[in-house]
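Colleague: Structure of the sequence below:
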Amino acid sequence: MAASGPASDQSAPSAAPPVYALLLDEQNLAVEDALLDALPQLQSTDQQAAVDALIARGRGHGVGRLVGDFNKYDLTLQAIVLRGVDGLYAGARGAIDDEDPETRCGAVEFIRRSGESRLAYLLAAALCSGISDAKTREMAAQALQAMTADHLARGDSPEEGDDALAHRQAEGSYLARALLRAVQGWELHFRPEVLIAAMWLAERVGVELLELADQPRSNLGRAIAEQLQNLSDSRLAGFVWRALKSPVLRSDVARRIASCHDEEFMVGLSREAWLLADQQIDHACQRIRRLAWLEQGVSPTLADTTAGGGLASGVVRIVEACGLAPATKIAIYGQLLASGSEAVVWAVFWRLACDRTEAATGLLRSLVRQGEFSLTDLSAAATRELKRRGAATPPSAGVNEARDGSVTDVTGRFEDLWETFASGRVDETSAPALPAETLIRADPHFLIHLRAKLASSEPTDRVKALQLVRHLKIAAEVDTQVYRLASDPDERVRGTAVATLAGLDGPTTRRIVRRALEDPDARVQANAIELMAHLDLPQRAEQIIAKLDADHHRVRATAVASLLQMEFRRAADVLLDMLDDQASAHRIAALWVVERLQLSSLFSRLALLAEHDPDVQVRRRAGRILRALSTDYPVPDAALAVEKDL
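Modeller: Okay, the predicted model is just below:
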């Protein structure tokens with residue numbers, strides 16, 4: 001981001017003293033040298049006019065030296081030059097390639113101070129250039145790291161408008177490309193700052209970074225391992241999880257996680273625990289045989305009442321995924337129950353509800369025995385879970401029994417709903433017979449049964465459970481399971497999970513939908529396109545436009561429908577092409593778009609398809625749409641004759 005707004009914020013050349021206006025059209029090349037030599041001695045008003053004149057003239061020598069001499073200027077003149085960054089891109093390119101080391105260093109400092117991510121690629125070029133000296137490389141690496149840190153520090157704010165979010169997305173892309181180029185030239189500079197910054201942006205460059213580290217005879221893996229020796233930077237958490245997929249880094253990273261005591265890093269790791277939905281990462285966690293962070297008791301962060309559900313579920317998810325001894329896991333759960341925040345305690349309860357061991361049953365009994373425990377609903381839930389298991393329930397103090405009778409009644413209610421839903425007598429688009437909050441408030445056991453179905457070994461059950469979640473609109477209640485199923489090996493499960501994410505807006509959902517757009521299954525891609533409309537993502541139109549060229553009819557039709565609602569003209573052209581496509585699947589998909597959006601303007605085209613299309617399914621579909629529109633538009637007799645095909 002530039003230090004100021006667009007060039008309109010600068011003093012316009014026309015407002016400058018007349019002598020500078022005369023210089024604008026002067027062909028003498030000595031003008032640049034004269035202005036640059038005089039620049040440091042001028043008053044600030046004249047300095048602004050001189051800089052504006054140099055930028056307006058646009059001579060490579062002039063703007064290149066203006067950038068290259070940046071370190072020679074005082075702070076006032078530097079600020080003036082920085083305000084003109086939008087007109088100095090060419091100057092920065094020229095100065096970076098200059099043979100003079102001081103000029104190159106001046107250009108690097110100019111880019112760093114401007115914060116202009118679109119110039120970050122020049123820093124990567126300086127790092128990998130054969131003419132760069134050690135000082136230039138050091139400054140370029142530090143500048144790239146500083147710009148990346150500033151980008152991450154600003155973060156995404158819900159209050160930001162679409163333009164601001166789109167700008168941040170573009171900024172991240174520019175930095176990611178520059179860092180990737182710098183890492184690819186690692187052996188030309190060996191600058192650790194670049195490596196650290198690239199690991200910070202693991203979401204964008206993590207895959208490529210790990211591929212480079214895993215290459216035979218590459219020393220990049222060793223360099224990464226050295227940077228991860230002391231885990232204390234929470235910005236590295238996302239990369240650390242991903243590094244468990246690397247054959248070169250896996251063992252070393254697992255040991256580092258196991259022995260880490262740093263509170264900030266482990267909290268960051270917990271917030272990134274959504275990555276455990278990746279089965280490779282989840283499996284690699286078995287190498288983590290201890291969690292030093294939790295060995296000395298519950299950390300202050302987890303005991304804080306403001307600890308959110310995302311952090312709480314992340315901690316419990318890590319404990320469950322790691323290769324700890326069962327007794328160690330139970331001991332940690334006991335500590336969390338005794339000292340954790342309300343969100344942490346609930347997260348532990350849901351884990352224990354899926355654990356049928358005697359040790360887990362004992363912890364559930366402890367919840368009931370704690371008479372002073374403020375979470376009466378949780379104690380009641382523990383009581384019901386013990387009854388379901390047939391385990392003895394200890395006397396409780398102040399714990400309410402189920403409001404609507406026995407546990408059997410509640411279980412039967414879930415099973416009845418499940419049977420009705422799974423049989424197809426009710427689908428996910430129907431209105432629920434009872435509001436979800438009524439079912440859940442009556443007994444938290446309802447969610448236990450639902451979570452069990454979501455974790456079923458049968459893909460059909462997982463799909464039906466996700467459809468039930470959509471039916472009841474309770475994705476937020478089972479968000480961890482939905483996120484996990486979005487990476488399920490079964491494409492039907494993945495597709496349904498992505499569609500279910502429409503009720504969950506947030507960073508995790510946005511990461512998943514970006515990944516789903518490139519899923520090998522067309523159903524998953526199509527659902528991701530529809531999901532983008534619910535999330536209102538920045539630059540969503542550009543991402544969907546790319547799908548207009550998809551080979552699969554379902555993906556292309558979904559993209560057309562989404563873009564037509566955004567009033568993109570090219571989508572209309574693609575729709576017309578699909579209606580004329582030789583493949584009947586594309587024509588039927590196009591008719592789906594027409595029917596969904598009620599495109600009555602295509603009435604004549606529909607009539608032709610209904611009467612003359614060689615495929616009977618196309619004729620029937622077109623005829624059905626015509627009849628749906630015939631209330632407002634007269635249907636030709638020839639079109640109605642399609643009835644004979646039905």
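
Colleague: I'd like the next helix or strand past the helix or strand that contains residue 508.
Modeller: Per DSSP states H and E: residue 508 is located in helix 507-516. Of the helices and strands lying after helix 507-516 in sequence (DSSP H and E), the nearest is helix 522-535.

Colleague: Which strands and helices lie in contact with that following helix?
Modeller: Using 3 or more Cβ pairs under 8 Å, 6 or more residues apart in numbering; DSSP states H and E as the contact test, the elements touching helix 522-535 are helix 491-500, helix 507-516, helix 540-545, helix 553-565. Using the backbone N, CA and C atoms, a C-beta is placed for each residue, glycine as well.

Colleague: can we see that at 6 Å?
Modeller: Using 3 or more Cβ pairs under 6 Å, 6 or more residues apart in numbering; DSSP states H and E as the contact criterion, the secondary-structure elements in contact with helix 522-535 are helix 491-500, helix 507-516, helix 553-565.

Colleague: thinking again about what came up before, any chance you could give me the helix holding residue 508 in PDB, C-alpha atoms only?
Modeller: Output for helix 507-516, consisting of C-alpha atoms alone and laid out as PDB, is shown next (Å, rounded to 0.1, in the frame of the first residue of the first chain):
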ATOM      1  CA  PRO A 507     -12.100 -17.700   7.700                       C
ATOM      2  CA  THR A 508     -12.200 -21.500   7.800                       C
ATOM      3  CA  THR A 509     -15.200 -21.600   5.500                       C
ATOM      4  CA  ARG A 510     -13.500 -19.200   3.100                       C
ATOM      5  CA  ARG A 511     -10.400 -21.400   3.000                       C
ATOM      6  CA  ILE A 512     -12.400 -24.500   2.300                       C
ATOM      7  CA  VAL A 513     -14.400 -22.900  -0.500                       C
ATOM      8  CA  ARG A 514     -11.300 -21.700  -2.200                       C
ATOM      9  CA  ARG A 515      -9.900 -25.300  -2.100                       C
ATOM     10  CA  ALA A 516     -13.300 -26.800  -3.200                       C
END
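
Colleague: who does that helix touch, helix- and strand-wise?
Modeller: The criterion is 3+ Cβ pairs under 6 Å, 6+ apart, and the helices and strands that helix 507-516 contacts are helix 522-535.

Colleague: any idea of the angle the helix it packs on forms with helix 507-516?
Modeller: 140 degrees (axes from the mean of the first three to the mean of the last three Cα atoms, to 10 degrees).

Colleague: contacts for the helix holding residue 508?
Modeller: Helix 507-516 is touched from outside by 274, 483, 486, 498, 501, 524, 528, 531, with contacts defined as Cβ atoms under 6 Å, 6 or more residues apart in numbering.

Colleague: what's the neighbour count on the fourth one?
Modeller: As a burial measure, the neighbour count of residue 498 was computed by other Cβ atoms under 10 Å and equals 30.

Colleague: hang on, the earlier thing: any idea which of the helices and strands packed on helix 522-535 gets closest to residue 185?
Modeller: Between residue 185 and those, the shortest separation by Cβ to Cβ is 27.2 Å, and it involves helix 507-516.

Colleague: buried residues in that closest one?
Modeller: Residues of helix 507-516 classed as buried under the neighbour-count rule (16 or more other Cβ atoms under 10 Å) are 508, 509, 510, 511, 512, 513, 516.

Colleague: Mind pulling the model confidence for residue 229?
Modeller: Per-residue confidence at residue 229 stands at 89 (pLDDT).

Colleague: and what of the one 4 residues further on?
Modeller: With respect to pLDDT, residue 233 has a value of 92.

Colleague: State the phi and psi torsions of it.
Modeller: For residue 233, the backbone dihedrals are phi -100, psi 110 (criterion: degrees, to the nearest 10).

Colleague: got a markdown table for the contacts of helix 507-516, with distance to residue 608 and pLDDT too?
Modeller: Formatted as a markdown table, the entries for the contacts of helix 507-516 read as follows, by distance: Cβ to Cβ, whole Å; pLDDT from 0 to 100:
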| residue | distance to residue 608 | pLDDT |
| --- | --- | --- |
| 274 | 50 | 89 |
| 483 | 46 | 88 |
| 486 | 41 | 90 |
| 498 | 36 | 91 |
| 501 | 39 | 89 |
| 524 | 34 | 92 |
| 528 | 33 | 90 |
| 531 | 34 | 86 |
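
Colleague: Kindly reformat those as a markdown table containing distance to residue 287.
Modeller: Converted to a markdown table, these look like this (distance: Cβ to Cβ, whole Å):
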| residue | distance to residue 287 |
| --- | --- |
| 274 | 20 |
| 483 | 23 |
| 486 | 25 |
| 498 | 30 |
| 501 | 30 |
| 524 | 30 |
| 528 | 32 |
| 531 | 34 |
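
Colleague: Widest-spaced pair of the residues you listed?
Modeller: Pairwise across the contacts of helix 507-516, and taking Cβ to Cβ, the largest span is found between 274 and 524, at 17.8 Å.

Colleague: Would you mind confirming that residue 268 is in contact with residue 237?
Modeller: Yes. Contact criterion Cβ atoms under 6 Å: residue 268 and residue 237 qualify, at 3.8 Å.

Colleague: And these two? Which one has more around it.
Modeller: Looking at residue 268 and residue 237 with other Cβ under 10 Å, you find the greater number of neighbours at residue 237, namely 25 against 21.

Colleague: Counting by contacts, list what the one helix or strand that one maps to packs against.
Modeller: Secondary structure here is read from DSSP H and E; on that basis residue 237 sits in helix 237-243. The contact analysis (3+ Cβ pairs under 6 Å, 6+ apart) places helix 237-243 against helix 202-213.

Colleague: one more time with 10 Å
Modeller: The contact analysis (3 or more Cβ pairs under 10 Å, 6 or more residues apart in numbering; DSSP states H and E) places helix 237-243 against helix 192-200, helix 202-213, helix 220-227, helix 250-259, helix 263-271, helix 279-284.
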